[in-house]
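Q: here you go, sequence then predicted model.
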Amino acid sequence: MSSTQSTLDPYIPPARSRARLPRGLAFAGSAVTFISLYVGAGAPTPLLAFYQEQWHFPAAVLTLAFAVYAIGFLAAMLTVGSLSDHVGRRPVLIGALLVQLVSTLMFLVATDIGWVIAARVVQGLATGAATSAFTAALAELAPPNRKKLGSILGSVGMTAGLAVGALLAGFAIQFAPGANTIIFAVLTIVTILGIVVVAFSPESVTRTPGALLSLIPRASVPAAVRKEFAAAAPVIAAIWMLAGLSLGLAPTIVRHVFHLNSGLVNGLTGFIAPATAAVVAVAFARLDPRHGMTLGIYAAIAGTIGIVTAVLAGSLGLMLAGLVVGGVGFGAAFSGSLRLIMPLAGPQQRAGIVSAFYVVAYIAFGLPVIIAGQLAAPLGLMPTVVGYGGATIVLALISLVAQNRIGRRAQALNTPES
């Protein structure tokens, strides 16, 4: 045995000496892979209208196929969202990317809307499992002089990916035959490359006990942040309802209100709001978070009014302008709320707060779109959009009142007695 071992030892490198990518390359590859997850999530925005034309299913099924993504995302986020803190980033990311690979293959072989709905659920599971781990890994793998870039990519990669996915899918539908095959074949290749990148990236955390306990769903809001969270939650719901409108309902609006059957227009309507949100989140990074929240609330209200007015007036240009303003609201309010609330919590509490944010966000992202899809047939699309917009505005106004109340109270506390 010793002879065999001595013969083989020179050819069996120890685990610690296994080839690893340089941190800079691992960081860049991880960023591209993370964004590609949301490119895949944004691509179905114009594709669902394309599927509807092929397979002739009702609009209510289209909105269901869009919204079930949120179910998978939340299920994964609430269970394995903090698992990488215990078992390491790489195992969780490789597992999530393998699930993402399954979803892209399901889209590739889909022959009816049932396949697409199932693929959307699996896609949501993959993205929900990977988001927390990728966000943490990007911050940890970023070069020492680029730590801020890692945090920025983790926060805006989601909206940027959704925007790019919708736009590229729109271009593919408009200008290339076999759009579904092109889109998901490319995403399959990118996902495989991403698995390779993650597999050869350095591990950025040490394993710690508690992996099984971390799988227990939890979304907690500590007492220290409850007042701020309660004030922010309505506008978080409002801006994610706006995101659901631009990504989930817009294709139906484009076809039935503006009478356009254009993949490019559908892709553009899905691109504008998240792209604007990504730019605004970076541009407003140094703005006082309370001011950012307030600005975001006003922009969300104005954007919603613009979109609803555009639907009533039959103006595509006004709708696109409303989506831009709504994107400003999303970027300013979401980034502002995170920057306002996260510093108030201790390190051990932040994972639970992030989960609570995503619970509010993804319920608002998916459930209202499903309800709107069910109501559009009996009530009509225009009344449904008006009601959807009205609910969004009411939520934003509730948050505006709460923000103003907190601001006045803070100002009173800081004012010296005469």
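A: Alright, I've got the coordinates.
Q: next, the buried residues of stretch 191-204.
A: Residues 191, 194, 195, 197, 198, 201, 204 are the ones in stretch 191-204 that count as buried (16 or more other Cβ atoms under 10 Å). In this view, the C-beta of every residue, glycine as well, is placed from N, C-alpha and C.
Q: most widely separated two among the residues you listed?
A: The span of those, defined through Cβ to Cβ, is set by 191 and 204 at 20.9 Å.
Q: which SSE is the residue nearest in space to the middle of the chain in?
A: Centroid-nearest residue in the chain, with Cα atoms, centre = their mean: residue 158, separated by 4.5 Å. According to DSSP states H and E, residue 158 maps onto helix 147-175.
Q: same question for residue 217.
A: In this assignment (DSSP H and E), residue 217 forms part of neither any helix nor any strand.
Q: separation between it and residue 363?
A: According to Cβ to Cβ, to the nearest Å, residue 217 and residue 363 sit 14 Å apart.
Q: can you check residue 228 too?
A: Applying Cβ to Cβ, the value for residue 228 to residue 363 is 20 Å.
Q: among the two, which residue is more densely surrounded?
A: Between residue 228 and residue 363, counted using other Cβ atoms under 10 Å, the more crowded position is residue 228 (21 against 16).
Q: so the residue nearest to the centre of the chain sits against residue 131, correct?
A: Yes. Contact criterion Cβ atoms under 8 Å: residue 158 and residue 131 qualify, at 7.3 Å.
Q: would you list the phi and psi of residue 88?
A: phi 110, psi 160 (degrees, to the nearest 10).
Q: what's the closest non-adjacent residue to it?
A: Counting by Cβ to Cβ, 6 or more residues apart in numbering, residue 88 lies nearest to residue 203, which is 5.1 Å off, once chain neighbours are set aside.
Q: need phi/psi at the one you found.
A: In terms of degrees, to the nearest 10, the main-chain angles of residue 203 are phi -70, psi 130.
Q: now do residue 406
A: phi -70, psi -40.
Q: quick one: contacts for residue 245?
A: 307, 326, 369, 385, 388, 389, 392 (Cβ atoms under 8 Å, 6 or more residues apart in numbering).
Q: circling back: which other helices and strands does the helix holding residue 158 contact?
A: Applying 3 or more Cβ pairs under 8 Å, 6 or more residues apart in numbering; DSSP states H and E, we find helix 147-175 packed against helix 23-42, helix 44-55, helix 113-141, helix 179-199, helix 263-283, helix 316-341.
Q: what comes up buried for the third one?
A: Right, the one you point to is helix 113-141. Judged by neighbour count (16+ other Cβ under 10 Å), helix 113-141 contains these buried residues: 113, 116-141.
Q: same check on the second one?
A: Of the residues in helix 44-55, 44, 45, 46, 47, 48, 49, 50, 51, 52 count as buried by neighbour count, 16+ other Cβ under 10 Å.
Q: now do the SS call for the closest residue to residue 217 other than its chain neighbours.
A: Excluding its sequence neighbours, the residue lying closest to residue 217 (Cβ to Cβ, 6+ apart) is residue 78, at 4.1 Å. Under the three-state scheme (DSSP: H, G, I helix; E, B strand; the rest coil), residue 78 adopts helix.
Q: just checking, residue 42 touches residue 160?
A: No. Counting by Cβ under 8 Å, residue 42 stays clear of residue 160, with 9.5 Å between them.
Q: ok, now which ones touch the residue lying closest to residue 133 once chain neighbours are set aside?
A: Counting by Cβ to Cβ, 6+ apart, the nearest residue to residue 133 once its immediate chain neighbours are dropped is residue 84, at 3.8 Å. Counting by Cβ under 8 Å, 6+ apart, residue 84 makes contact with 91, 92, 93, 132, 133, 136, 137, 205.
Q: residue 84 and residue 274: what is the separation?
A: From residue 84 over to residue 274 the distance is 25 Å, taken as Cβ to Cβ.
Q: contact partners for residue 308?
A: 322, 385, 386, 389, 390 are the contacts of residue 308 under Cβ under 8 Å, 6+ apart.
Q: which among these gets closest to residue 257?
A: residue 385 (8.2 Å).
Q: would you confirm that the closest one contacts residue 311?
A: Yes. Proximity of residue 385 to residue 311 meets the contact threshold set by Cβ under 8 Å, at 4.9 Å.
Q: so for these two, which residues contact both of them?
A: Contacts common to residue 385 and residue 311, judged by Cβ under 8 Å, 6+ apart, are residue 253.
Q: settle it for me: which of those two has more neighbours?
A: residue 311 (25 against 22).
Q: which SS class is that one?
A: Applying three-state DSSP: residue 311 is helix.
Q: how about it, what does it touch?
A: By Cβ under 8 Å, 6+ apart, the neighbours of residue 311 are 253, 257, 319, 381, 382, 385, 386.
Q: what of residue 121?
A: Contact partners of residue 121, counting by Cβ under 8 Å, 6+ apart, are 68, 69, 71, 72.
Q: beyond the strand or helix carrying the first one, next helix or strand please.
A: Residue 68 belongs to helix 59-80 when assigned by DSSP H and E. Downstream of helix 59-80, the next assigned helix or strand under DSSP H and E is helix 84-87.
Q: cheers, nothing more for now.
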